[in-house]
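Peer 1: Sequence and predicted model, in that order:
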Amino acid sequence: MPFHLHFHESDLLRCRFALSPLWETQEAVRTLGRPGRHGYHLPWLRRTGGSAARLDLAPLHLLMPDGGHNPDFICPPPLGPLASFEEEVAALRAVDPQVARDDIALTLADVPGGARSVAGRRMLADPARTVRELADLLEQAWRVLVEPYWPRLRALLEADIAYHSRRLAEVGFERLLGEISPQLRWADSTLTVTGTRGDHMRVLGGEGLVLMPSVFVWPDVVGGYEPPWLPAVIYPARGIGGLWAQASDRTPDALARLLGRARADVLCALDEPAGTSALAHRLGLAPSSVSAHLSVLRAAGLLTSRRYGHQVLYERTPLGMALAGQEQAP
């Protein structure tokens, strides 16, 4: 079923990209219970399986029906482009209990027997307590499921935003939407998100739109958020196919002999633009070593760099792409 977002002229001036560690946390929880999402994330599932089994995720899963409404207050679109988990979970704890109760009631109405279940009645009877408990549970899930991998996830998400921001400048908003996902269609000042849960419509009215890449939302595109939350579209980030692979697994032996193993690993790890800290975390190297390798690769014309927010992102030049993509010598 489609979701329709009707734009005014001023909305086009207020479209922005953002990323949300709280969103990734709740989608990581959702992914645990959705076999259809496991394909790209099997290495992550193997690493987190034992720890995840010790979390009681039932209250969150109750509020994640496969069809129908999902509560918006749990992870509203972030107000800034680089919000921290601590900032976002603090905003969740501050949600008006009545707003939360209304949101939960909408969700439980789409869960067969949800409102009459013991857990559902308990949530509705004391929404202030429910907000606290859900925030606590999401914080536990963050510590176990997402935080240990956040440098890697954040690097991929920031690379997606950098890429699509550049494409926006090159091709414009309408064409950008089609490149982000075939589920996004633009016509007559209306963005239609196909394949979503339910048939909805919202007039933006000058609020603009938040575009958020996500690692765990694949293969879905999520559109929505009802007032008072800002409208948003969440889409699968580019490059998730190689997210959990070890960079050394993709480094051709011939390239390692030419550049040295560590330097070749750095070059091959840059399938998407990334910063020094993210590369160091991904490769298990000291940031100082990665920085030195990046400087040499850039001086050799294999990399280029540009500033994005608080960090410098590196990406391969055409020559660097050719070298990193070479086949292993027989």
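Peer 2: Thanks, I have the structure now.
Peer 1: From here on, just use CA atoms for contacts and neighbour counts.
Peer 2: Fine.
Peer 1: so what pLDDT did G309 get?
Peer 2: What the model reports as pLDDT for G309 is 66.
Peer 1: oh sorry, the question was meant for T196
Peer 2: pLDDT for T196: 65.
Peer 1: Over to A90?
Peer 2: Note for A90: predicted pLDDT of 94.
Peer 1: How many residues are close by it?
Peer 2: Counted by other Cα atoms under 10 Å, the residues lying close to A90 total 12.
Peer 1: Shouldn't it be within a helix?
Peer 2: Yes: judged by DSSP: H, G, I helix; E, B strand; the rest coil, A90 forms part of a helix.
Peer 1: host element of Y163?
Peer 2: Using DSSP states H and E, Y163 falls within helix 150-171.
Peer 1: try V217
Peer 2: V217 belongs to no helix or strand, assigned by DSSP H and E.
Peer 1: wait, what's in contact with it?
Peer 2: V217 sits next to E27, T31, I234, Y235, P236 when contact means Cα atoms under 8 Å, 6 or more residues apart in numbering.
Peer 1: Among the residues you listed, which one sits closest to P318?
Peer 2: Set against P318, the nearest of the contacts of V217 by Cα to Cα is P236 (25.5 Å).
Peer 1: Would you agree L19 is in contact with A83?
Peer 2: Yes: the criterion here is Cα atoms under 8 Å, and L19 meets it with A83 at 7.3 Å.
Peer 1: The helix holding Y163: which residues count as buried?
Peer 2: For helix 150-171, a neighbour-count test (16 or more other Cα atoms under 10 Å) marks 150-162, 164-165 as buried.
Peer 1: Which parts of this structure are strands?
Peer 2: 3-6, 16-17, 184-187, 190-193, 200-203, 210-214, 222-224, 232-236, 303-308, 311-316 (DSSP state E).
Peer 1: one step back: looking at L19 and A83, which one has more neighbours?
Peer 2: Taking other Cα under 10 Å, L19 and A83 do not tie; L19 has more neighbours (25 against 16).
Peer 1: And the pLDDT for the more buried one?
Peer 2: 91.
Peer 1: Tell me which residues touch the nearest residue in space to it that is not next to it in sequence, please.
Peer 2: Leaving aside its sequence neighbours, L19 sits nearest to M212 (Cα to Cα, 6 or more residues apart in numbering; 5.5 Å). Shown in contact with M212 (Cα under 8 Å, 6+ apart): F17, A18, L19, S20, A232, V233, I234, Y235.
Peer 1: I'd guessed the last one sits against I180; true?
Peer 2: Yes: applying Cα under 8 Å, one finds Y235 in contact with I180, separated by 7.3 Å.
Peer 1: Please say which of the two ends up with more neighbours.
Peer 2: Ranked by neighbour count (other Cα under 10 Å), Y235 and I180 place Y235 first, with 23 against 18.
Peer 1: what about that one, distance to P182?
Peer 2: Taking Cα to Cα, to the nearest Å as the measure, Y235 falls 10 Å from P182.
Peer 1: Let me see the confidence value for Q328.
Peer 2: pLDDT, Q328: 34.
Peer 1: hang on, the earlier thing: of the contacts of M212, just say which sits nearest to D11.
Peer 2: Distance to D11, by Cα to Cα, is smallest for A232 among those, at 12.2 Å.
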